[in-house]
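J.: Fold the following.
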Amino acid sequence: MKKETRRATAERDALRPEYDFRNMKGGVRGKYYKSYRAGHTVAIHKIDGTTDVQRFTLEGAVLLEPDVREYFPDSETVNRALRGLISLLPKKHATGART
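T.: I've put the predicted structure just below:
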């Protein structure tokens, strides 16, 4: 099997011109930011005619601002940094819970 060159890889991974949104006019960055953070409701219509409504929120999720994301590109780096900070914090005292 012949090894793929860098140029061939770049050409294969390049976006088609019709998918290039860099020069798009009228787009608004962050248009749905607030509503996404607030959560959303999904209605699931079943074959038997019933409908289930489920609410989805970002509970437990943390959204990083772009300037922070430059330093912490993935969950692993964020968790490593936070674990380092945890060791500097005073110990929490359990209130009736076992630790």
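
J.: hey, let's count contacts and neighbours off CA atoms from now on
T.: Will do.

J.: quick check, residue 55 in a strand?
T.: Yes: under DSSP: H, G, I helix; E, B strand; the rest coil, residue 55 sits within a strand.

J.: State the number of residues packed around it.
T.: Neighbours of residue 55 under the rule other CA atoms under 10 Å: 9.

J.: tell me the SS of the closest residue to residue 78 other than its chain neighbours?
T.: Closest residue to residue 78 apart from its sequence neighbours, by CA to CA, 6 or more residues apart in numbering: residue 72 at 5.6 Å. Assigned by three-state DSSP, the conformation of residue 72 is coil.

J.: what pLDDT does residue 72 get?
T.: We have a pLDDT of 91 for residue 72.

J.: which stretches of this structure have low pLDDT?
T.: For the chain, the stretches flagged by pLDDT under 70 are 1-4, 6-11, 20-21, 93-99.

J.: top helix in it by residue count?
T.: helix 75-86 (DSSP state H).

J.: re the thing from before, quick check: the gap between the residue nearest to residue 78 and residue 33.
T.: As judged by CA to CA, to the nearest Å, residue 72 and residue 33 stand 20 Å apart.
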